[in-house]
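Asks: output the structure for:
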Amino acid sequence: MAKIKQICEEKLKPVIEEMGYELVDVSYEKENGGMSLIFTIDKEDGVTIDDCEIVNKKIDPLLDEINPTDDKPYTLVVSSPGLDRPIKTDRDLKRVLGKEVEITLFSKLSGKKNFKGVLKSYDEKTVTVEIDKNETTFERDKIAMMKLVIVF
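Replies: Down below sits the predicted model:
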């Protein structure tokens, strides 16, 4: 399964980026009794159903050529990451810099696993969040999940 993801990312990421989209993730999962090859895309002003259809039509014939599943049947799905997408990459962090994020750690820090605050900065190994007017720095490899706080 990791090989399928790797092949798809390697061969199709440049095609998708050339179209003006970011390839957020590729997964190969069991869904509805069969296998689905799922491409999650994004772009600066958000992804519409039309965007998903455009990318689907572009990559479907290319997938037939590269055959990442070795002729095993699958359903191709192209989707948006949604508003509550996990923040994983530097590109994600740049997008939410200065906004409120929620962080869940793998293990407790000062008796807590969950933190909420404004993302102030980040580097290769850490993220710094302002929580109640105090800055707290977390090691990125200790973060189980980070996502944008969505206020309606």
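
Asks: show me the contacts for residue 125.
Replies: 139, 140, 141 (Cβ atoms under 8 Å, 6 or more residues apart in numbering). Any C-beta I mention is one placed from the backbone N, CA and C, and that applies to glycine too.

Asks: residues in contact with the last one?
Replies: Contact partners of residue 141, counting by Cβ under 8 Å, 6+ apart, are residue 125.

Asks: spell out the secondary structure type for it.
Replies: helix (DSSP: H, G, I helix; E, B strand; the rest coil).

Asks: adjust the sequence numbering to begin at 7 for everything that follows.
Replies: I'll keep to 7 as the first residue from here, and by that count the last item is residue 147.

Asks: which SSE is the residue nearest the centre of the chain in?
Replies: The residue lying closest to the centre of the chain (Cα atoms, centre = their mean) is residue 30, at 4.3 Å. Element membership for residue 30 (DSSP states H and E) is strand 28-37.

Asks: paired strands for that strand, with orientation please.
Replies: Paired neighbours of strand 28-37 in the sheet (DSSP bridges): strand 40-48 (antiparallel).

Asks: what comes into contact with the strand it pairs with?
Replies: By Cβ under 8 Å, 6+ apart, strand 40-48 touches 10, 14, 18, 22, 27-36, 53, 57-58, 61, 65, 69, 74-75, 78-87, 91.

Asks: could you pull out the buried residues of the helix or strand following it?
Replies: Sequence order places helix 55-72 as the next helix or strand after strand 40-48, per DSSP H and E. By neighbour count on 16 or more other Cβ atoms under 10 Å, the buried set for helix 55-72 is 57, 58, 60, 61, 62, 64, 65, 69.
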